[in-house]
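With the input below, show me the fold.
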Amino acid sequence: MQLSSAKDKNPVVSDMMYYGYIQEIWELQYHDLRFPLFKCVWMDNKSGIKVDGLGFTLVNLKKRDLKMILLYWVV
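Numbers count the residues shown, from 1 in each chain. Model prediction:
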């Protein structure tokens with residue numbers, strides 16, 4: 001399910017593919033809690049991804065965005 005914000009009244013159920021790679025893995029520790037943090041490079045879904053005539057997905061590695069994410073956001 002995809003939401004644009006917490007106040008979104010019209011959630012959309014769809015498949016959305018994300019393409020990218022992990023650049024660094026960090027572990028944040030606060031007392032007894034540990035949180036893995038991933039520095040990821042994501043490809044632009046709007047202009048960096050296309051499917052050719054044979055059905056292969058082509059990813060433009062020059063159109064990317066750098067993000068820091070927590071593990072539970074990906075799963």
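
Where do the strands of the chain begin and end?
For the chain, strands defined by DSSP state E occupy the ranges 20-30, 33-43, 49-51, 57-59, 64-70.

which residues touch the fourth one?
By that I understand strand 57-59. Outside of strand 57-59, the residues within contact range by Cβ atoms under 8 Å, 6 or more residues apart in numbering are Met17, Tyr19, Met43, Gly48, Ile49, Lys50, Val51, Asp52. Every residue, glycine included, has its C-beta placed from N, CA and C.

From Lys39, how far out is Ile25?
8 Å (Cβ to Cβ, to the nearest Å).

Export the strands of the chain to JSON lines and append columns for distance to Lys7.
JSON lines is the format used below for those (distance: least, Cβ to Cβ, whole Å):
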{"stretch": "strand 20-30", "distance to Lys7": "28"}
{"stretch": "strand 33-43", "distance to Lys7": "25"}
{"stretch": "strand 49-51", "distance to Lys7": "29"}
{"stretch": "strand 57-59", "distance to Lys7": "33"}
{"stretch": "strand 64-70", "distance to Lys7": "22"}
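
can I assume Ile25 is in contact with Cys40?
No. Contact status for Ile25 versus Cys40: not in contact, 9.8 Å apart, counting by Cβ atoms under 8 Å.

Who has more neighbours out of those two?
Cys40 (20 against 11; other Cβ atoms under 10 Å).

just for the protein, where's the confidence low?
1-6, 8, 11-16, 66-75 (pLDDT under 70).

List only those of the contacts of strand 57-59 flagged as buried.
Tyr19, Met43, Gly48, Ile49 (16 or more other Cβ atoms under 10 Å).

tell me the contacts of the first one?
Contacts for Tyr19 were tallied using Cβ under 8 Å, 6+ apart; they are Trp42, Met43, Asn45, Gly48, Ile49, Thr57, Val59.

hmm, back to that, and of the buried ones among the contacts of strand 57-59, the nearest to Lys63?
Gly48 (3.4 Å; Cβ to Cβ).

Alright, calling it a day.
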